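With the input below, show me the fold.
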Amino acid sequence: MQLRRSPKPPKSPTAADPSCRRSQTPVKDPPHGHDPTVKVYVKVKMNSPYLLCMDEDTANTELIDPYYLWIGPNERNLKGQINTDITETGKLMLKPFRKIMSGTYSCTLSYRTINNHFEEELTLKLFTFLVLGYREPDYSYQINVRYATLACHQLANSQFFEGLLSTVRGLIDGLTCKLTNFYHSCHAIKEPEEKLQNELFLSFRVDPFGKGWEEICSEVMYDCEDETNARVQKARDLIEKFFIRQPNVLKNEFADPTKIYYIEHSIEITRIDNCRSGFGKNEITHNDCANCCVVCDPNTYNSMNNAHCQVCNDIQIPYYGATTC
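Residues are numbered from 1 along each chain as shown. Below is the predicted model:
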């Protein structure tokens with residue numbers, strides 16, 4: 001991924017260096033407030049932005065013998081670590097970022113100044129960052145459609161639904177997607193100024209984890225959610241076009257059109273987001289990354305690919321990204 005460079009220092013103290021923002025915005029900038037700790041969100045398997053060991057004052061001040069000491073999670077000295085890049089001016093990059101790297105990173109800047117009496121003074125400044133890994137959510141799509149039917153209590157309704165699912169599976173064959181959560185019911189509907197009509201309510205979900213998805217993910221170098229989400233979005237588009245453009249084909253293929261027929265414009269498609277184990281959404285805590293699956297905080301976990309992390313009341317979890325309680 002190409003990174004854009006900016007020669008100017010950050011205008012806000014303790015902000016992440018904007019020179020390494022990516023076009024896909026896998027890194028989200030935190031808000032500026034009174035909390036000296038700055039939150040930085042880094043997409044898993046991507047490099048972090050450069051974290052600056054300076055503020056506006058030091059960026060515009062002559063520093064004599066500056067020394068930068070970066071400390072990571074578990075009080076680990078980051079100098080010489082294989083997954084870090086620390087420049088001679090104290091900038092830190094974490095590469096590539098993994099879930100277990102989430103946590104607090106601090107830099108102590110020490111430097112000397114010489115006053116008008118040629119006396120040396122030692123100055124220390126501390127800058128702190130909370131760096132959190134995130135992933136894109138896994139997309140699935142809930143599909144709801146309606147059909148008019150002659151009677152609710154007839155075998156043809158179930159046969160029609162099975163035939164419809166078979167055709168939809170054929171549409172998305174090759175995309176490593178699958179259909180789940182099948183459901184159908186029949187109800188008598190009375191629209192204003194219309195006669196009573198029996199309608200079939202048909203529902204199913206399409207998700208990207210069909211046969212062969214593991215092999216597809218093993219072939220990509222980047223985050224697999226990008227690939228699986230692209231495939232399930234293509235499946236959604238194919239299904240939507242099928243219902244919008246081919247209602248007559250559906251009628252003729254499955255049943256006598258005088259008994260069961262598609263109600264045009266009845267299709268409803270809803271995206272459902274889920275997070276991988278160890279990650280979850282939290283629109284309040286992570287409002288700057290509200291649509292991200294952010295690594296679970298200590299004492300929380302996600303073990304079932306749910307949308308949110310859950311509090312663990314049984315044991316203390318001191319680390320980020322727990323998958324069990």
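
Please tell me I have it right and Met93 contacts Val42.
No - using C-beta atoms under 8 Å, Met93 makes no contact with Val42, being 10.0 Å away. For glycine as for every other residue, the C-beta is placed from the backbone atoms N, C-alpha and C.

higher neighbour count, the two?
Shown here are Met93 and Val42; by other C-beta atoms under 10 Å, Val42 has more neighbours (25 against 17).

ok, back up a step: residues in contact with both of Met93 and Val42, list them for me.
48-49 (C-beta atoms under 8 Å, 6 or more residues apart in numbering).

quick one: secondary structure of Gly170?
The three-state label given to Gly170 by DSSP: H, G, I helix; E, B strand; the rest coil is helix.

what about it, distance to Gln154?
According to C-beta to C-beta, to the nearest Å, Gly170 stands 25 Å off from Gln154.

which one of those two has more residues nearby?
Ranked by neighbour count (other C-beta under 10 Å), Gly170 and Gln154 place Gln154 first, with 15 against 9.

Tell me who's in contact with the residue lying closest to that one once chain neighbours are set aside.
Spatial nearest neighbour of Gln154, excluding adjacent residues (C-beta to C-beta, 6 or more residues apart in numbering): Lys259 at 8.0 Å. If you count contacts by C-beta under 8 Å, 6+ apart, Lys259 has them with 149-150, 154, 156.

How about Pro73?
101-105.

same thing with Arg135?
Taking C-beta under 8 Å, 6+ apart, we find Arg135 in contact with 43-44, 223, 225, 275-276, 279, 292-293.

ok, now with 7 Å
Listed by C-beta atoms under 7 Å, 6 or more residues apart in numbering, the contact set of Arg135 reads 44, 223, 225, 276, 279, 293.

Tell me the pLDDT of it.
Note on Arg135: pLDDT of 93.

Check the gap between it and Thr61 for me.
From Arg135 to Thr61 the distance is 39 Å (C-beta to C-beta).

and Ser140, which of the three is it?
Assigned with three-state DSSP, Ser140 falls in the strand class.
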